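1. could you work out the structure for the sequence below:
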Amino acid sequence: MNEKYDSQKGLRLALTTIGDLLLNCKISRDATNQAMENIALKIPNYQRPYKWTPKNAMQLLDDILDAMSENKEVYRVGTLILHHTNEDANDVYNIVDGQQRTITFCLLLSALKNDTDVPFMSEGLSNDIHNRLNVKENFRAYERRINAIKDDREKEHLLKYITEQCELIVIITEDISEAFQFFDSQNSRGKKLYPHDLLKAYHLREMNDLNEAETEKVVKDWENMDQRQLASLLADYLYRVREWMNGNKAWELNEQNIYKFKGITRRDNSPYAQFYKSAYSYANMANHSAMPFVVGMRHLNPFQLGTPIIAGEPFFVYAKHYFDILKDIQNNDKYEGYFINDNIIVKTLDLKNNKNGVGNRITRLLFDVAALLYVDRFCCEKPSQTDLDLFDQFVTYDFIWAYSLRAQYYNLGWWSAQNYIMGPSYKGKVEVINSFNLYKVISEADSPISLLSELAERVKALPEKRICAEIDDIDEQDLGVYHNYLHFFKENHFYIVNK
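-> Residues are numbered from 1 along each chain as shown. This is a model prediction of the structure:
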């Protein structure tokens with residue numbers, strides 16, 4: 001064990017030049033102004049692949065050139081967060097944050113030096129398509145850019161500036177959870193992170209009870225989900241449905257309101273907190289025991305969209321749980337998933353002309369969110385045929401409710417959609433038909449039967465004169481799919497022909 005590090009348990013701050021770190025395998029100076037030798041950098045398995053593209057790589061180089069032209073004696077290029085550990089009696093420094101920039105600097109140095117003698121790159125990257133493609137493309141981009149510099153003295157000056165005057169702030173810790181807490185102020189270029197990244201950092205800090213291997217698995221599972229879809233799940237679906245079912249308008253998930261996803265922590269011991277923590281613990285215990293098999297009980301769902309989130313590991317399980325349900329709902333394949341399969345209404349909504357445009361995307365989101373809430377409240381993990389039959393009836397009401405909004409607007413935006421959900425809403429002086437909060441109705445229903453009965457009373461037919469959409473080909477069909485979603489208003493008796 002490195003005695004200098006071991007004598008100062010916990011957080012350690014340092015500064016290093018790019019040259020010292022990547023060419024000399026050391027950190028230039030710590031808080032005592034001493035160099036740290038034999039720094040073996042490593043990319044842990046839980047890290048995401050190398051995602052920087054030539055655009056990102058060129059931006060980094062342009063920033064450096066700008067700093068050099070302004071004669072900045074020191075140019076701080078970001079922060080490197082390292083988790084110090086000991087493997088096979090050797091000190092290892094796992095890169096927790098700063099991987100993208102570190103690899104990019106290696107490629108830049110290799111292009112400038114015209115060789116690949118950069119020690120860190122000898123570690124090798126995992127055989128991932130992003131790693132293979134982006135490393136090659138970025139290196140070639142740098143080669144082309146460097147070859148365009150005809151004066152060798154300019155190249156030498158640039159190399160010297162990068163290796164000696166470009167510095168990283170280095171944060172080193174022996175606690176992986178502590179390392180992740182610095183995520184909420186960093187990303188690949190020092191900007192604030194997206195809400196789902198901030199939530200990841202927050203909930204990792206609540207996982208002190210897990211060992212390193214368990215923490216790495218949680219992070220890896222999170223990173224294996226499509227990050228764009230994950231961000232959309234939290235911002236477009238889970239945030240909005242939680243607001244709507246409580247009777248609030250929902251605009252966007254941001255730094256000011258992500259506290260709504262921070263949930264109950266281990267330190268919260270009020271009766272309210274104890275109830276939900278106990279419920280989660282019981283479901284988790286039951287699902288990992290022989291109890292369901294012995295008593296014939298189904299898998300216990302430890303989550304509901306309207307209940308508080310439990311901070312720490314449960315949050316990551318929560319996100320994966322709803323990620324999978326939403327993916328199932330949005331996949332209308334005949335042979336995959338449990339909830340929506342080969343549904344003729346959804347086939348029509350999946351047509352390109354019904355998916356393009358802001359108004360269509362808003363309406364489809366309203367439809368999908370309601371389906372997600374219904375499944376969460378009333379469908380088991382593996383629903384019975386009765387469950388599915390009831391859900392099919394709901395899907396029809398869900399469609400009529402959501403697309404009543406679309407049918408009554410030529411141009412639909414978020415203001416009109418939010419007003420429609422809050423209901424009643426008005427278009428000029430005319431009340432918009434079916435304007436009510438479906439999400440609140442679902443959340444207050446105690447069974448699918450009572451919900452369907454309520455919707456049978458609330459959901460009204462649209463008069464033809466109130467419909468703004470084209471209706472000429474309302475019954476036209478091709479390969480089992482109707483071209484016009486209004487066909488299903490007519491088929492289900494929610495369409496009144498003008499007399």
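
2. switch to C-alpha atoms for all contacts and neighbour counts from now on
-> Fine.

3. just the pLDDT for Leu486.
-> pLDDT recorded at Leu486 is 91.

4. try Asp63
-> For Asp63, the predicted pLDDT is 87.

5. please, which helix or strand holds it?
-> helix 54-69 (DSSP states H and E).

6. helices of the stretch 351-499 of the chain, start to end?
-> 358-378, 385-407, 414-422, 438-444, 448-458, 487-491 (DSSP state H, counting those that start in this stretch).

7. which one, of the ones you listed, ends up nearest to Arg144?
-> Of all the helices of the stretch 351-499 of the chain, it is helix 358-378 that lies closest to Arg144, at 40.4 Å by CA to CA.

8. is it correct that Arg242 is in contact with Ile309?
-> No: with contact defined as CA atoms under 8 Å, Arg242 does not reach Ile309; the gap is 11.3 Å.

9. where do the contact lists of those two overlap?
-> Between them, Arg242 and Ile309 share no contacting residue under CA atoms under 8 Å, 6 or more residues apart in numbering.

10. who touches stretch 373-384?
-> Under the criterion CA under 8 Å, 6+ apart, residues 241, 298-299, 301, 304-305, 338-339, 387, 391, 439, 442-443, 447-448 lie in contact with stretch 373-384.

11. which parts of that stretch are buried?
-> Residues Leu373, Tyr374, Val375, Asp376, Arg377, Phe378, Cys379, Cys380 are the ones in stretch 373-384 that count as buried (16 or more other CA atoms under 10 Å).

12. format those residues as JSON lines; extra columns: distance to Glu431.
-> Formatted as JSON lines, the buried residues of stretch 373-384 follow (distance: CA to CA, whole Å):
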{"residue": "Leu373", "distance to Glu431": "26"}
{"residue": "Tyr374", "distance to Glu431": "27"}
{"residue": "Val375", "distance to Glu431": "30"}
{"residue": "Asp376", "distance to Glu431": "31"}
{"residue": "Arg377", "distance to Glu431": "30"}
{"residue": "Phe378", "distance to Glu431": "31"}
{"residue": "Cys379", "distance to Glu431": "34"}
{"residue": "Cys380", "distance to Glu431": "37"}
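
13. circling back: closest one to Glu470 among the helices of the stretch 351-499 of the chain?
-> Using CA to CA, the nearest of the helices of the stretch 351-499 of the chain to Glu470 is helix 385-407, at 9.1 Å.

14. C-alpha coordinates for the closest one, CSV please?
-> Output of helix 385-407 as CSV, limited to C-alpha atoms (Å, rounded to 0.1, in the frame of the first residue of the first chain):
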residue,chain,number,x,y,z
GLN,A,385,-55.8,-13.3,-19.7
THR,A,386,-58.4,-11.5,-17.6
ASP,A,387,-55.9,-8.8,-16.8
LEU,A,388,-55.1,-8.4,-20.5
ASP,A,389,-58.8,-8.3,-21.6
LEU,A,390,-59.4,-5.5,-19.1
PHE,A,391,-56.3,-3.7,-20.2
ASP,A,392,-57.4,-3.9,-23.9
GLN,A,393,-60.7,-2.2,-22.9
PHE,A,394,-58.7,0.5,-21.1
VAL,A,395,-56.4,1.0,-24.1
THR,A,396,-59.5,2.0,-26.2
TYR,A,397,-60.6,4.6,-23.6
ASP,A,398,-57.0,5.8,-23.3
PHE,A,399,-56.8,6.2,-27.1
ILE,A,400,-60.1,8.1,-27.3
TRP,A,401,-59.1,10.4,-24.4
ALA,A,402,-55.6,11.2,-25.8
TYR,A,403,-56.6,11.5,-29.4
SER,A,404,-59.7,13.6,-28.7
LEU,A,405,-57.1,16.3,-27.9
ARG,A,406,-55.3,15.8,-31.2
ALA,A,407,-58.5,15.7,-33.2
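
15. could you check the angle helix 448-458 makes with that helix?
-> If you take axes from the mean of the first three to the mean of the last three CA atoms, to 10 degrees, helix 385-407 sits at 30 degrees to helix 448-458.

16. what does helix 385-407 rub up against?
-> With contacts defined as CA under 8 Å, 6+ apart, helix 385-407 is touched by 339, 345, 359-360, 363-364, 366-367, 370-371, 374-375, 378-379, 412, 417, 420, 432-435, 438, 448-449, 452, 455, 459, 462, 467-469, 489, 494.

17. quick one: buried ones out of those?
-> Applying 16+ other CA under 10 Å to those flags 339, 345, 359-360, 363-364, 366-367, 370-371, 374-375, 378-379, 412, 417, 420, 432-435, 438, 448, 452, 455, 459, 462, 467, 489, 494 as buried.

18. if I read this right, Ile345 contacts His483, doesn't it?
-> No: contact between Ile345 and His483 fails when scored by CA under 8 Å: they sit 10.5 Å apart.

19. and the strands in this structure, which stretches?
-> 12-17, 29-30, 41-42, 75-87, 90-97, 166-173, 426-427, 430-431, 462-463, 477-478, 481-482, 495-496 (DSSP state E).

20. out of those, nearest to Asp350?
-> Here strand 481-482 is closest among the strands of the chain (CA to CA), at 9.8 Å.

21. and the closest one, what does it pack against?
-> helix 344-349 (3 or more CA pairs under 8 Å, 6 or more residues apart in numbering; DSSP states H and E).

22. which strands and helices sit next to the helix it packs on?
-> Contact here means 3+ CA pairs under 8 Å, 6+ apart; on that basis helix 344-349 packs against strand 481-482.

23. partners of the strand it packs on, with directions?
-> strand 477-478 (antiparallel) (DSSP bridges).

24. contacts for the partner strand next, please.
-> The contact list for strand 477-478, computed with CA under 8 Å, 6+ apart, reads His483.

25. next, the angle from the helix holding Asp63 to strand 166-173.
-> 110 degrees.

26. what segments of the stretch 101-250 of the chain are helices?
-> Remark: helices assigned in the stretch 101-250 of the chain by DSSP H, counting those that start in this stretch are 129-147, 152-165, 176-180, 195-205, 212-224, 227-232, 239-244.

27. hmm, Glu206 is touching Thr265, no?
-> Yes: contact criterion CA under 8 Å: Glu206 and Thr265 qualify, at 7.3 Å.

28. please say which of the two ends up with more neighbours.
-> Set Glu206 next to Thr265 and count neighbours by other CA atoms under 10 Å: Glu206 wins out with 21 against 15.

29. check what pLDDT that one gets.
-> On the pLDDT scale, Glu206 is placed at 80.
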